[in-house]
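K.L.:
My questions concern the predicted model and sequence given below.
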Amino acid sequence: MSTARMWARLTAVAAAALTALYIGIIAPAQSASAATFVPITGSGSTWAYPAIHGWINSVAQQGLPINYQPNGSSSGRTFFAGGQSDWAASEIPYGVQDGANTDSPPARGYAYMPDVAGGLGFMYNLQINGQRVTNLRLSGRTVADIFTNRVTFWDDPELKADNPQLGLPHLRITPVVRSDGDGSTAVFTQWMLAAQPSDWQAYCAVVGRNPCTQTSTYPVQGGTDMIAQPGDPGVATYVAQSSSNGAIGYAQYSWALQEGLPVAKVLNAAGYYTAPTAANVAVSLLQAQVNTDQSSPAYLTADLSNVYTDVDPRTYELSFYSYMIIPTDLSNLMTTDKGYTIGAFGQYLLCQGQQQVDGLGYSALPINLVEDGFAQLQKIPGASVPATTAAFIASCNNPTFSPDGTNTLAADAPMPPACDQQGATQCAGPASTVVVLTASPNPATAGQAVTLTATVTAGSSVPAGSVQFVVGGTLIGLPVALDSNGVATVTTTFSVAGTDAVSAVFTPADSGAVAGAVGTFSLTVQKDPNVSTIPLATTVPAVGTFTFTVDTTNTLTLAVSGNGATAATPSMVVSDTRNTYPGWEVSGQAGDFIGSGTAAGSSFSGNQLGWTPTGSSLAPGVTLGGTITPASPGLGSAPAFLASAHAGSGFGSSTFGANLTLAIPPAPESAAGNYSSSLTVTAVTSLS
């Protein structure tokens, strides 16, 4: 192993015996009048990422520098709790019980703000005599029976009852679920637990899940045809394969649109089979309620029970929305300038930003959720928002209501056709569409303006709808409405030579009449012959230092109360100014407590000592370790992490410590008298 990769150890020893020292460092608040836009970082939901990505691109033109890491709802909540991100997006709130596990709320102040709505779609790949089915209908019970392996063939009587005019084949059903933890699974299992409890509880018993709660990780029953795939794209791609005849999976509706897959219409409480269209979802969420009980662990989270039972014929039962988790205090390196930026971003996405989401397969937030979101924006330190709800609504420019607060959504959303009502009739499937995508010029030259053109046809007619252009997974502008000839265009540039995957996602205005579709092709981008590139090379020298300091001059005396004793360690400071960003870890371990004086000859284990890490000032990316409970397992047997910074983070100065708790064992293990021990604190880092 080279010297550059050797581990360096810096060890400080603090003696711990049986008056606590408290040191607090509070960063001064910034003046609101001096607020300015500063870079902010978010992380979390992949479900909401296409919408968030579009919003970030739009507000960048207004000077808002926003970064977002789509690492999943669970990681987003963890990053926000640890101060690694300034805000997060998640379909799952804190404190939700998932089996025997509960994701505890963070110590920092936070609130939930609605960001984007959508429907959980059941995309499928089914053929009858070589013809693709596009008008499948499912009752809630049938959905639950399919995904709990109670209904395993497409010609099951339950499916025939839902689809009286389809000659369903005797073909095995392949349910496709998520293999990773995600919001879609959490929403789906929450709905099953509430709307189809007997199915979900029976399935819990089969797969050995106790307690039987909702979950973000779908339990796959062995020995069945159920398939698990990573991510919404993984589910959609698997179902879309030509070899996947008989497959059905769940994902946010936008992924079905991107793959050109049909989605099943699901029976609602009014007796109509409806699809997760933007209008149906938005109408449904007019019944969404927010928990306003401040003593409840579910405070500010969504209550969708009325959505499941709404008797409006237009509702889609599996409608839900994602949360933006926002800061409500100045802990974890939050500043009023960051709050000012988050507040401006929040206002944009609640209002003007909702105009662009329908074309992506989401649904614009209705007025009740926008008002709930405004109430949370007011809690962000440094946010500059209108003084009243009425003033906010008047300036909002959201497509579901007018400036005076009139709910235009309720009047404009179309009713389902009579053939979608439960009974002996059944609507025909939407007409298939074809998207032809071209580019001019093709091949293109790097840096040259290129016009992308999508031409959409449905048989011999021209459908109504919009096209979202995508290059390499990046959205190009907003959705473009088809003209009277079924054509949509956008102009962009390609700065780097190579081959780019280009696609055009067509979203119909009436998904009941016309199916969505996707056109794709590869664009060759050539090097500009008038541009030369000179290869450059340089060496960046390793600079900076790593230091770890802790005051070990004075003995730390733990204050006794009853059968316990407490103290706070002196502040520990890590300073890392190295430009190689290798990261670091600090851990601690306690020695045995040895008696003296009247307690001479008596001792007890260092495992009787525990701690709760504390941080008064942490560099970006630094996280604190978890609480170590005395004797369960305690700090004596093995080192426990106090603080750490993963590679690529931790640059700067971090000040932290721990609140110590000692559980004094009863006699004869501990005779009356004085005891002393030591707490060895070790900093470990790579020298690279």
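P.N.:
Looks like it arrived, so ask away. Numbering: from 1, shown residues only.
K.L.:
Pretty sure residue 643 sits against residue 619.
P.N.:
No: applying Cβ atoms under 8 Å, one finds residue 643 not in contact with residue 619, separated by 10.0 Å. C-beta: built from backbone N, CA, C; applies to glycine.
K.L.:
Who has more neighbours out of the two?
P.N.:
Of the pair residue 643 and residue 619, residue 643 is the one with more neighbours under other Cβ atoms under 10 Å, namely 26 against 20.
K.L.:
intersection of neighbour lists for residue 643 and residue 619?
P.N.:
574, 654 (Cβ atoms under 8 Å, 6 or more residues apart in numbering).
K.L.:
list the buried ones in the lengthiest strand in the chain?
P.N.:
Secondary structure of the chain per DSSP state E: the longest strand is strand 110-125. Within strand 110-125, the residues that qualify as buried are 110-125, counting by 16 or more other Cβ atoms under 10 Å.
K.L.:
Now the element after that strand, going C-ward?
P.N.:
Downstream of strand 110-125, the first helix or strand assigned by DSSP states H and E is strand 127-128.
K.L.:
for the chain, which spans come out with low pLDDT?
P.N.:
1-35, 297, 473, 687-688 (pLDDT under 70).
K.L.:
what's the distance between residue 512 and residue 414?
P.N.:
9 Å (Cβ to Cβ, to the nearest Å).
K.L.:
Compare these two and say which one has the larger neighbour count.
P.N.:
Between residue 512 and residue 414, residue 512 has the larger neighbour count (other Cβ under 10 Å), namely 20 against 12.
K.L.:
Contact partners for the closest residue to that one other than its chain neighbours?
P.N.:
Spatially, and ignoring its direct neighbours in sequence, residue 512 is nearest to residue 430 (6.0 Å; Cβ to Cβ, 6 or more residues apart in numbering). Contacts here follow Cβ under 8 Å, 6+ apart; on that basis residue 430 touches 134-135, 262, 508, 511-515.
K.L.:
thinking again about what came up before, closest to residue 314 out of the buried residues of strand 110-125?
P.N.:
Comparing these against residue 314 with Cβ to Cβ places residue 119 closest, at 12.2 Å.
K.L.:
what about the residue nearest to the closest one when sequence neighbours are not counted, neighbour count?
P.N.:
Distance criterion Cβ to Cβ, 6+ apart; nearest residue to residue 119, sequence neighbours excluded, is residue 276 at 2.5 Å. When neighbours are defined as other Cβ under 10 Å, residue 276 has 28 of them.
K.L.:
Run a quick check on residue 276 versus residue 123, I expect a contact.
P.N.:
No: judged on Cβ under 8 Å, residue 276 makes no contact with residue 123 at a distance of 10.3 Å.
K.L.:
which residues do the two both contact?
P.N.:
residue 263.
K.L.:
Helix or strand: which one has residue 641?
P.N.:
Residue-wise, residue 641 maps onto strand 640-645 under DSSP H and E.
K.L.:
make that residue 79, sorry
P.N.:
Using DSSP H and E, residue 79 falls in helix 73-81.
K.L.:
Remind me what that helix packs against, helices and strands.
P.N.:
Other helices and strands packing on helix 73-81, by 3 or more Cβ pairs under 8 Å, 6 or more residues apart in numbering; DSSP states H and E, are strand 40-44, strand 87-90, strand 319-327.
K.L.:
quick one: which of those is nearest residue 654?
P.N.:
Minimum separation from residue 654 across the helices and strands packed on helix 73-81 (Cβ to Cβ) falls at strand 40-44, 17.8 Å.
K.L.:
what lines up beside that closest one in the sheet?
P.N.:
Take DSSP bridges as the rule and strand 40-44 pairs in its sheet with strand 66-69 (parallel), strand 87-90 (parallel).
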